[in-house]
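Enquirer: any chance you could fold what I've pasted below:
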Amino acid sequence: MKKLFSIVLLLAAAGSAFSIGLSAGIGGSVSVFSYNEGMSGSYLGTTDSATYTLTQIPFSAKVFLDATFLQLEAGYRVAQGGNQSTTQTGALSFSNGSAYDASYLTFAGYLKFPFRAGSVSVFPLLGAEYDYNLTLTDTNGNDLKPLLTSQELADLNQLWLKGGAGFDLSFGSFYLRPELLAGFKLLSPTDNSTITGLENYVTSSGYSNASGSVIWWTWDLDLLVGFTL
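Expert: You can find the predicted model right below:
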C-alpha cells in the first residue's frame with residue numbers, strides 16, 4: 001500500500017510538472033539530403049579509394065499531432081535533381097550516376113521530453129520516419145520504375161532514424177515550433193547489393209582488402225505552427 005501511495009505521489013508530481021495535453025498543427029521543412037557510395041582497396045602497399053555523392057534539397061509539407069511526450073507527423077516530400085560529385089585517390093574511380101526526381105508520403109513518430117528554459121519550452125526528439133515512394137523519374141520526367149526489379153521497387157520506400165531538438169514559442173493557444181533533426185537511413189537489400197557490387201569491382205580490378213560502403217544521411221529544418229486542442 002505504501003508503494004502504491006508513493007507511485008501515486010510520483011505521478012501527481014510529474015503531472016504537475018508536465019501536463020499532458022493535445023495539440024495539432026501544420027508546417028513545412030527543407031532538408032539537405034546526401035547519398036554516398038565509397039570503395040577502397042590495397043595494391044602494392046598503397047590504398048586507392050573513390051567516392052560518389054548525390055546531394056539534394058527536398059521540401060516537405062506536413063501535419064502533426066502532439067501529445068506532450070509524443071509527436072506524430074504525416075506529410076508529402078518532393079526531391080528534384082541534385083548535385084553530383086566524385087573524388088578519387090589512385091586508379092579507382094566512379095562515373096557520375098543519374099540525378100532523379102522523386103516524391104514521397106512521409107510518416108514519422110518522435111519521443112520528446114519538454115522542459116522549460118525561461119519562457120520557452122525546449123525538447124529533444126528521437127524517433128523514426130517511414131517514406132513511401134510515390135514517383136521516381138529522371139530530370140526529363142521519364143518514369144524510371146519500369147527499369148527496376150521488384151526488390152529495387154520495394155526499396156524505394158525508406159526507413160530513417162532521426163534525432164534532434166526543437167522549441168516552442170507560445171502566443172496564447174498558438175505556438176511556433178522550429179526543429180532541427182539529423183537522420184540516417186537503414187540500409188535496404190538494394191543498398192547491401194550495391195556494397196557487394198562495389199567490393200567485387202575493387203577485387204576484380206586487382207586490389208586486395210576490398211571495401212565498399214553506402215551511407216544515406218539528412219539534415220531537416222522544420223517550421224511548424226500548432227494550436228492546443
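
Enquirer: which positions within whatever helix or strand residue 223 lives in qualify as buried?
Expert: Per DSSP states H and E: residue 223 is located in strand 208-228. Going by neighbour count (16 or more other Cβ atoms under 10 Å), the buried part of strand 208-228 is 210, 211, 212, 213, 214, 216, 218, 220, 222, 224, 226. Using the backbone N, CA and C atoms, a C-beta is placed for each residue, glycine as well.

Enquirer: try stretch 169-176
Expert: Those would be residue 175, for stretch 169-176 by 16+ other Cβ under 10 Å.

Enquirer: end to end, how far does it reach?
Expert: End-to-end span of stretch 169-176 (Cα to Cα, to the nearest Å): 5 Å.

Enquirer: and it, what's its mean pLDDT?
Expert: Per-residue pLDDT over stretch 169-176 has a mean of 93.

Enquirer: what's it in contact with?
Expert: 23, 119, 120, 121, 168, 177, 223, 224, 225, 226, 227, 228 (Cβ atoms under 8 Å, 6 or more residues apart in numbering).

Enquirer: repeat that for 6 Å
Expert: Contact partners of stretch 169-176, identified using Cβ atoms under 6 Å, 6 or more residues apart in numbering, comprise 168, 226, 227, 228.

Enquirer: cool, and stretch 130-137?
Expert: 101-107, 143-145, 156-159.

Enquirer: buried ones in it?
Expert: 131, 133, 136.

Enquirer: check the last one and give its pLDDT.
Expert: Predicted confidence (pLDDT) at residue 136: the value is 97.

Enquirer: if it is in a bridge, with which residues?
Expert: residue 102 (DSSP bridges).

Enquirer: again with the first one
Expert: Residue 131 has these beta-bridge partners by DSSP bridges: residue 106, residue 158.

Enquirer: now it: how far from residue 61?
Expert: 14 Å (Cβ to Cβ, to the nearest Å).

Enquirer: same question for the last one.
Expert: Here the distance between residue 136 and residue 61 works out to 20 Å (Cβ to Cβ).

Enquirer: can you get me a residue count around the closest residue to residue 215 other than its chain neighbours?
Expert: Distance criterion Cβ to Cβ, 6 or more residues apart in numbering; nearest residue to residue 215, sequence neighbours excluded, is residue 36 at 4.5 Å. Residue 36 has 15 neighbouring residues, counting by other Cβ atoms under 10 Å.

Enquirer: and residue 152, which helix or strand is it part of?
Expert: helix 150-154.

Enquirer: what residues does that helix touch?
Expert: 189, 190.

Enquirer: nearest residue to the spatially most central residue of the chain in space, please, no chain neighbours.
Expert: Geometric centre of the chain, nearest residue: residue 183, 3.9 Å, by Cα atoms, centre = their mean. Spatially, and ignoring its direct neighbours in sequence, residue 183 is nearest to residue 162 (3.8 Å; Cβ to Cβ, 6+ apart).

Enquirer: thought that neighbour was touching residue 184?
Expert: No - Residue 162 is beyond contact range of residue 184, at 8.1 Å (criterion: Cβ atoms under 6 Å).

Enquirer: quick one: the strands in this protein?
Expert: 23-43, 46-56, 59-66, 70-79, 83-89, 100-112, 115-117, 120-138, 158-171, 174-185, 208-228 (DSSP state E).

Enquirer: just the mean pLDDT for the second one, thanks.
Expert: Meaning strand 46-56. 95.

Enquirer: partners of it, with directions?
Expert: Counting by DSSP bridges, strand 46-56 is paired with strand 23-43 (antiparallel), strand 83-89 (antiparallel).
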